[in-house]
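Chemist: Whatever this is, show me its structure:
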Amino acid sequence: MKIRKEDVYEHLELLYEIVGDEKYLEIVRMYGGSNLYIPTYKATIRNSRNSFKYIF
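Modeler: Next up is the predicted model:
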């Protein structure tokens, strides 16, 4: 299904532009109507950085 950018709520336009039509609809289908917490970039990469194993 195609949606027009004009049909996207103003506060979600950037998300729509980043992920595109199909993924935007998938996100809306899965999480629509609920509050979704998105962690900061720093917190997201922290786990990856902390699990890095040094090889000597």
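Chemist: residue contacts, the residue nearest the centre of the chain?
Modeler: For the chain, the residue nearest the mean C-alpha position is Leu15 (6.8 Å; Cα atoms, centre = their mean). Contacts for Leu15 were tallied using Cβ atoms under 8 Å, 6 or more residues apart in numbering; they are 24, 27. All C-beta spots, glycine's among them, are computed from the backbone N, C-alpha and C.
Chemist: residue ranges with poor pLDDT in the chain?
Modeler: 49-56 (pLDDT under 70).
Chemist: Can you show me the helices along it?
Modeler: For the chain, the helices defined by DSSP state H occupy 13-31, 41-50.
Chemist: tell me the most buried of those helices?
Modeler: helix 13-31 (a mean of 13; mean count of other Cβ atoms under 10 Å).
Chemist: now that one: how far from the chain's centre is it?
Modeler: Averaging C-alpha positions (Cα atoms, centre = their mean, to the nearest Å) puts helix 13-31 8 Å from its chain's average.
Chemist: Convert the C-alpha atoms of it to CSV, please.
Modeler: What follows is helix 13-31, C-alpha atoms only, in CSV (Å, rounded to 0.1, in the frame of the first residue of the first chain):
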residue,chain,number,x,y,z
GLU,A,13,7.4,13.1,8.8
LEU,A,14,11.1,12.7,9.5
LEU,A,15,10.6,9.1,10.5
TYR,A,16,8.7,8.5,7.3
GLU,A,17,11.5,10.1,5.3
ILE,A,18,14.2,8.0,7.0
VAL,A,19,12.5,4.6,6.8
GLY,A,20,10.3,5.0,3.7
ASP,A,21,6.8,3.9,2.9
GLU,A,22,6.9,0.2,3.6
LYS,A,23,8.8,0.3,6.9
TYR,A,24,6.8,3.3,8.1
LEU,A,25,3.6,1.3,7.6
GLU,A,26,5.1,-1.7,9.3
ILE,A,27,6.1,0.4,12.3
VAL,A,28,2.6,2.0,12.4
ARG,A,29,1.0,-1.5,12.2
MET,A,30,3.1,-2.9,15.0
TYR,A,31,3.2,0.1,17.4
